[in-house]
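J.: can you look at this prediction? I've put the sequence above it.
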Amino acid sequence: MRCIFSSLFLVFILCLSSNLTMAQDSIKKKKAAFESKRIKKSEEIKMAFELNDEESIAKNYESLAEDFYSKKNESKAEEYYQKALTSYRKLKRKEDIARVVRSLAKIQESQKKYVQASSNYKVASEETSDKNLEIINTNDFNRLKNSANSGLQKDLLNSNIKILEKQDKKEELSDAYLKKAETDQLENKTEDAINNYNQALVYTVAEPEKTISIKNKIADIYLGKNEFDKALEINQSILESAEKKNDFTTQITQKQKLASLYFQINKPEKAVEELKTAYALASKKGNTAEVKRSLLALVDYYKRNGNDKERLLIYNDFLQNFDAIIQSDTTLIDAKIFQVTEEKIKQLEKEKELKDELIDKKNTFNFVLIGAVILLLLFFGLIIKALYAIKKKNKKIALQSLRREMNPHFIFNSLNSVNQFISQNKELEANKYLSNYSQLMRNIMINSNKDFVSLSNEIEQLKKYLDLEHLRFQDKFDFEIVIDPTLDTDAFFVPNMIIQPHIENAIWHGLRYKKEKGKLLLKVEPKSNTIIISIDDDGIGIAQSNALKTEHQKVHQSRGVSNTKERIALLSELYKTHITFNITEKEQPLTGTIVTVEFPFIHKIP
C-alpha cells in the first residue's frame, strides 16, 4: 500500500510540473484580461523610465513597495523602498526622503534587522523639517538602541502616541500600540498585550487585513494560555465577517486556523471538516498555495491515523482538479506578468544608470569647460583692470605734471619781486615778502600731490598769494575776497591750484597795465548743488592786453588757459565729476575780465 502512495505522490509531482507549463500557456491567454495593481504600477514605471520622469519613477516604486508590504512580502517591499529612496535622493526631496526612510526602517524592524532600522530612523529624523516627525523618529531610534530596557521602550512609544493622537495619524498609532503589545508579550504580560492589541484595533478600521492580523495575534495569546474558547470565538468571528464580505482568502486561512485549534482541543472531526472546506474553497477560487497547505494538512492527519483510503481519495481529487485550479489561479498570472515586467524594468534601470553616467561625465566636462572660460574671463578681467589702473595712473601723473607746470613761473616771478625789493633797498618789504612767500610755498608743497583740497585750504592759499602780489603791486590794485556766509568751507573739496593761474593772469595781464588803481574781487557762493568761484577784475581787458603783450607773454597766457582746460578734463574723467570753466570780457564802457569756475558739491575726497 505504501508503494502505491509513493507512486501516487510521484505522479502528483510530475503532474504539478507538467501542468505548471500548461498554466504558463494559459497565463498568456489571460494576460489581456487580468491586470492587478502591481502590474499597473510596473507598467507605469516602464513608461516613466521611457519619459525619464524621476518623480513618477520614485512614486511608483514607493507604491509597489507598499503593495508588497501589504501582502507580507517584506524583502520585496524593502527592495522597492530602496529604489524609491534612490530616486527621491536624486530629486533632493527631503520630506519624501524622510517618509520613505521611515517606511524602510519599519520594514527592516519587522524583519529583525535592528541595526539598519535604527540607522534609518536616525536618518529620517535628520531629513525631516517637521519637528513632531523628528521627535517620533528620534524616539524610535532610541527605542531600538535600548532594546534591553523595556521600560524605556514603552516610555518612548507613549511619547510617540501622544504626538500621533494630536495629529490623528491612525496607521502610525496602530503600529505604536502593536509595538507596545509585542514588548508586553516579551515580558509575558499577556493582559497588557491584549489591551494594547485592542487599542491598536481602534485605529485599523480602514485596514481590514491589519485588523484580521491583530485579532489573530490576540487569539494566539489566548491559545498560549490554553484559553481555547476565547481563541475559538475570535477565529469564528473573523470567519463570519469574511463570509459576509465574500473575502475568500481570509475564509480559507481562518478555516485552516480553526482546524489547527480543533486538533489542539482534540476535536479532529471538526478539524478535518474545516480543512476539507478550506481545501474545496481554495480549489474553487484557484488559490494553489492554500490548496497545497490544506491538502498537506489533511494528508498528514490521515497518515498519522493510518487512513490510507482517505489519503488516496484526496490525492485523486486533487489530480482530477489540478488543471482547473492552476488555470484559475490569478496569483500565478499576476506573478508571471510581474516577473516579465520586472525584468524589463531592471533592463531599463541599467540603461538609465548608463545614461545618467554619461550625463554626469558630460556635465563634468561642461563644468570644467565653464570653469576654464570663467578663469579666462577673470584673467582678461585682471588684464583690463591692470590696464585701466595704468591708464588712471598715467592720467594722475599727467594731472600732477600740469599742476607743477604752473609752479616754476610763479617761483620765477616771486624771486624777481624779492630781487626788485632788494635793489630798491626795501629790506623790510623784502623780508615780509619772503616770509609770506615761504608760508605759501610750504602750503603748496604739502598739497602738491593732492588733486583736491578743502575749500577753506584753497581760499587760504589764494589769500596768501594775493597778499604777496598786492605787496608787490600795491599801487596797481586792491583785492577783496567775498565768501557766502551760509557756505561751510571746511565741508567741501575743490581741485587744488586751479584758481591761482587766473588770479595771476588778472593781475599781470589786466590790472598791472591799468593807469589808475584797479580792483580784483574773488567771490565764492553756492548755487543749487554747485559752488561758483568767480575772479572779477576791472583791468584793461583781454583785447587790449593782447595788443600790449610780447609774443612770449601771449604764449604763456595761452598756455595757462589751456593748462586749466586740460586739468579740468582730466579731473572730470578721473573722478566722474563735472567742472565748468568760463572766461568773459566785460562789455563797454566797462573794462576787465570775469573768470568763473563751477564745481559740484564734493563732501569727500574721491
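T.: Looks like it came in fine.

J.: spatially central, which residue of the chain would that be?
T.: The geometric centre of the chain, computed from its C-alpha atoms, lies nearest to Lys92 (CA atoms, centre = their mean), at 9.1 Å.

J.: quick one, phi psi at that one?
T.: Geometry field for Lys92 lists phi and psi as phi 60, psi 40, criterion degrees, to the nearest 10.

J.: list the contacts of it.
T.: Remark: with contacts taken as CB atoms under 8 Å, 6 or more residues apart in numbering, Lys92 is in contact with nothing. Every residue, glycine included, has its C-beta placed from N, CA and C.

J.: tell me how far it lies from Thr596.
T.: Separation of Lys92 from Thr596 (CB to CB, to the nearest Å) stands at 67 Å.

J.: just Glu469 next, same as before
T.: Here the criterion is CB to CB. By it, Glu469 lies 20 Å from Thr596.

J.: one more: Asn305?
T.: Counting by CB to CB - Asn305 and Thr596 are separated by 131 Å.

J.: between these two, which one's more packed in?
T.: When neighbours are counted by other CB atoms under 10 Å, Asn305 and Thr596 differ, and Thr596 comes out ahead with 16 against 12.

J.: who touches the host helix or strand of that one?
T.: Here Thr596, judged by DSSP states H and E, is contained in strand 593-600. Outside of strand 593-600, the residues within contact range by CB under 8 Å, 6+ apart are 494-495, 498-499, 502, 505-506, 510, 527, 529-537, 539, 541-542, 577-586.

J.: quick one: buried residues of that strand?
T.: By 16 or more other CB atoms under 10 Å, the buried positions in strand 593-600 come out as Thr593, Ile594, Val595, Thr596, Val597, Glu598, Phe599.

J.: tell me the mean pLDDT for that strand?
T.: Predicted confidence along strand 593-600 averages 92 (mean pLDDT).

J.: re the thing from before, export the buried residues of strand 593-600 to a markdown table and append columns for distance to Lys41.
T.: Below are the buried residues of strand 593-600 laid out as a markdown table (distance: CB to CB, whole Å):
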| residue | distance to Lys41 |
| --- | --- |
| Thr593 | 97 |
| Ile594 | 94 |
| Val595 | 91 |
| Thr596 | 87 |
| Val597 | 85 |
| Glu598 | 81 |
| Phe599 | 79 |
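
J.: lowest confidence element among the helices and strands of this structure?
T.: Taking mean pLDDT, DSSP states H and E as the measure, helix 2-30 is the helix or strand of the chain with the lowest mean score, a mean of 45.

J.: so what pLDDT did the residue nearest to the centre of the chain get?
T.: Lys92 is given a pLDDT of 90.

J.: begin at 324, not 1, for the rest of this chat.
T.: Understood, numbering begins at 324; the last thing we discussed is Lys415.

J.: not counting sequence-adjacent ones, nearest residue to Asp463?
T.: Tyr444 (4.3 Å; CB to CB, 6 or more residues apart in numbering).

J.: give me the buried positions along the helix or strand hosting the one you found.
T.: Under the assignment given by DSSP H and E, the secondary-structure element containing Tyr444 is helix 437-450. Applying a neighbour-count criterion of 16+ other CB under 10 Å, the buried positions in helix 437-450 are Gln439, Ala440, Ser441, Ser442, Asn443, Tyr444, Lys445, Val446, Ala447, Ser448, Glu450.

J.: ok, back up a step: and the buried residues of strand 916-923, which is closest to Ser583?
T.: When the buried residues of strand 916-923 are compared for distance to Ser583, the smallest value, 107.2 Å, is given by Phe922; criterion: CB to CB.

J.: can you show me the helices along the stretch 824-929 of the chain?
T.: Along the stretch 824-929 of the chain, counting by DSSP state H, counting those that start in this stretch, helices occupy 865-871, 874-898.

J.: comparing those, which yields the minimum mean pLDDT?
T.: Set side by side, the helices of the stretch 824-929 of the chain give their lowest mean pLDDT on helix 874-898, at a mean of 69.

J.: nearest residue to Ala381 other than its sequence neighbours?
T.: Ser410 (3.5 Å).

J.: surely the one you found forms part of a strand?
T.: No. Secondary structure assignment places Ser410 outside any strand; it is helix (DSSP: H, G, I helix; E, B strand; the rest coil).

J.: next up, the contacts around it.
T.: By CB under 8 Å, 6+ apart, the contact set of Ser410 is Glu377, Glu378, Ile380, Ala381, Tyr384.
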